[in-house]
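Enquirer: Sequence below, structure please.
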Amino acid sequence: MAFDAYRHPGGIALWFLQRLSALFLLALLLGHFYFLHYAEEGFVTYDKVAARLASPSWKVMDISFLVLAVFHAMNGLWTVVLEYVHTQRAQRQLLFVLMGIGFIFLGIGIFSVGTFAVKP
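Expert: Numbers count the residues shown, from 1 in each chain. Modelled structure (predicted):
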């Protein structure tokens, strides 16, 4: 199948962003595992997680992790759609579905992390 620029919107930019987001996700994942499982003694408890999420810098890191993960997942699914769905109408409909799902996940995640408060 020949390359059709109209069927692959974003082209090399989305390909590059997919790889870049994978690298940042890997770094954030390794940092997450280190700080959550190895930096502190004992089991992970609500109090430890709550103390960490009380810090604005941890909220920024968790929201960054979420944004990168959702972008990476939706971009990957979009690539699958382009490979297997051949009509432009179906591609457009699935693009809007993927964007909707992505924005829902982002909204729920950002709301959850952003409004988290330590309960006494």
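Enquirer: going forward, measure contacts between C-alpha atoms and count neighbours the same way
Expert: OK.
Enquirer: what stretches of this structure score poorly on pLDDT?
Expert: 1-10, 120 (pLDDT under 70).
Enquirer: Can you pull up the most central residue in it?
Expert: Ala69 (1.8 Å; CA atoms, centre = their mean).
Enquirer: contacting residues for that one?
Expert: Residues near Ala69 by CA atoms under 8 Å, 6 or more residues apart in numbering: 21, 25.
Enquirer: Now do it against Ser57, distance only.
Expert: Distance, Ala69 to Ser57, by CA to CA, to the nearest Å: 18 Å.
Enquirer: secondary structure class for Trp43?
Expert: Careful, residue 43 is Phe and not Trp. At Phe43 the chain is in coil, as set by DSSP: H, G, I helix; E, B strand; the rest coil.
Enquirer: Return the distance of the closest residue to it other than its chain neighbours relative to Gly31.
Expert: Leaving aside its chain neighbours, Phe43 sits nearest to His37 (7.9 Å; criterion: CA to CA, 6 or more residues apart in numbering). Relative to Gly31, His37 is positioned 10 Å away (CA to CA).
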